[in-house]
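>>> okay, predicted coordinates and the sequence, questions at the end:
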Amino acid sequence: MANATETNEANTRTMQGVVTSDSGDKSATIMIERRIKHPIYGKFINRSTKIRVHDESNECKKGDTILIEACRPMSKTKSWKLVKVVEKASEL
């Protein structure tokens, strides 16, 4: 049984993005940007996705780069949780 849980944890979906908003309590919004190639013209286009993240300890701030993983739905819009802060935003 332990092997099944280890494989399940290894297959957990993770993503990395930049925090765009941390105004909610225990929540943050991140932007994930990716480049896709247009199927006909071949031009590379920037696409972005906004994802709501559960941040239990309110440790991420606007501009931070964070690593998230999929989890059970926490609310109507949140089904991702914070794993770690990869890079802190520079203070100006």
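Received, thanks.
>>> bridge partners for Val85, pull those for me.
On the basis of DSSP bridges, Val85 is bridged to Ile66.
>>> was I right about it contacting Cys60?
Yes. Judged on Cβ atoms under 8 Å, Val85 makes contact with Cys60 at a distance of 5.6 Å. Heads up, the C-betas are built off the backbone N, CA and C, glycines and all.
>>> shared neighbours, those two?
Ile66 (Cβ atoms under 8 Å, 6 or more residues apart in numbering).
>>> those two - which one has more neighbours?
Between Val85 and Cys60, counted using other Cβ atoms under 10 Å, Cys60 has the larger neighbour count: 22 against 16.
>>> relative to Val83, how far out is that one?
To Val83, Cys60 is 11 Å away according to Cβ to Cβ, to the nearest Å.
>>> need the residues touching each of those two.
By Cβ under 8 Å, 6+ apart, the residues touching both Cys60 and Val83 are Ile66.
>>> mind checking the SS state of Ile32?
Recorded secondary structure, Ile32: strand (DSSP: H, G, I helix; E, B strand; the rest coil).
>>> list the contacts for it?
Under the criterion of Cβ under 8 Å, 6+ apart, the neighbours of Ile32 are Met15, Gln16, Gly17, Ser48, Thr49, Lys50, Ile51.
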